[in-house]
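Participant: Quick one, structure for this:
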Amino acid sequence: MGRTRVAVKNTIFADGDPKICVPLIGRSDEELFSHAERIMSEVQRLEAIYPDVRVDVIEFRADYYDNVADRDKLMDVLERLKAIFSDRLLLFTYRSEEEGGELRHDWAENMLDDIWEWVIAEKKVDLIDIELKSGNYRVARTAAKAHEAGIFVIMSNHNFEKTPHDDEILEMFRQMEILGADILKIAATPKVKFDVQRIMDLTKDITSGKTGADYLEHPVITISMGEDGRVSRTSGRQTGSAMTFASVDSGSAPGQLSLEEMFKALKVGE
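Facilitator: Residues are numbered from 1 along each chain as shown. As a prediction, the model looks like this:
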């Protein structure tokens, strides 16, 4: 079975060509747009130094944003972010508390279906993150609505306790494909250093079409979190992982590299 390449505008997500995604974080509009300015400044500086490396995706981490449940304010923010990052893809992510999300307002998380619906209906983002654990019907329905709006779906699972067994990871990826994912993402915590190598080896098996994982078609993103897992964030060319995450000022996950560290690691010839 052939591997699928996912084209979002002019950006192609494919095995062995890791795109860089920078999380955008802020509780207030002031914090959010201040961070956006710092991100753009750092991106422009680094892209001038390393012309063969590029930031393709900006991830708006909406779980940090205090007004995420206010439709008008959220839509205004997305419109402004779309203008600021007009030459980048905008990814909308509301990360749940269970999977490492920041916002601690139950009323906001309880409104997630509405929030997703607003974001999809307004078509102000290019990609949306949907957590696999949200429930099969809910996930499939949201993915279908996103596709109808021309928005691509990154389906994800984040485990802060362990790295699941290979068979469990493959099964989660299989479910993601069935439920409508365009890109499959798993981030896991290593309990021992071998877990880091194991998830990297499994990623290579998937992207090379090795027997036992050859039924998966879509690009995968795999991350081993924490300090031990940092190598997994820079090894996408070797393993086939389709995207990695790097921070400007504020990281959004354990072990996340700074954007400058990522550029140095991914520069041609390194």
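
Participant: Now do the nearest residue to residue 204 once chain neighbours are set aside against residue 205, distance only.
Facilitator: Leaving out its chain neighbours, the residue that sits closest to residue 204 by C-beta to C-beta, 6 or more residues apart in numbering is residue 239, at 4.8 Å. C-beta: built from backbone N, CA, C; applies to glycine. The gap separating residue 239 from residue 205 is 9 Å, by C-beta to C-beta, to the nearest Å.

Participant: count of neighbours near the residue lying closest to residue 267 once chain neighbours are set aside?
Facilitator: Closest residue to residue 267 in three dimensions, ignoring its sequence neighbours and counting by C-beta to C-beta, 6+ apart: residue 50, at 4.9 Å. Look at residue 50: counted by other C-beta atoms under 10 Å, it has 17 neighbours.

Participant: what do you get for residue 160?
Facilitator: Neighbours around residue 160, by other C-beta under 10 Å: 14.

Participant: is it true that it touches residue 96?
Facilitator: No. When contacts are counted by C-beta atoms under 8 Å, residue 160 is not listed as touching residue 96 (11.6 Å).

Participant: which of residue 239 and residue 205 has more neighbours?
Facilitator: Neighbour totals were compared for residue 239 and residue 205, and residue 239 leads with 23 against 19 (other C-beta under 10 Å).

Participant: per-residue confidence at that one?
Facilitator: pLDDT, residue 239: 95.

Participant: what's near enough to touch it?
Facilitator: 16, 200-201, 203-204, 207, 222, 232 (C-beta atoms under 8 Å, 6 or more residues apart in numbering).

Participant: Kindly recompute the last result at 7 Å.
Facilitator: Applying C-beta atoms under 7 Å, 6 or more residues apart in numbering, we find residue 239 in contact with 200, 203-204, 207.

Participant: Just the buried ones from these, in ChimeraX syntax?
Facilitator: Buried members of the contacts of residue 239, defined by 16 or more other C-beta atoms under 10 Å, are picked up in ChimeraX with:
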select :200,203,204,207
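
Participant: So which elements touch the helix or strand hosting residue 118?
Facilitator: Secondary structure from DSSP states H and E places residue 118 in helix 112-122. Packing partners of helix 112-122 (3 or more C-beta pairs under 7 Å, 6 or more residues apart in numbering; DSSP states H and E): helix 71-84, strand 127-131, helix 136-148.

Participant: at 10 Å instead, please
Facilitator: Applying 3 or more C-beta pairs under 10 Å, 6 or more residues apart in numbering; DSSP states H and E, we find helix 112-122 packed against helix 71-84, strand 89-93, helix 106-110, strand 127-131, helix 136-148.
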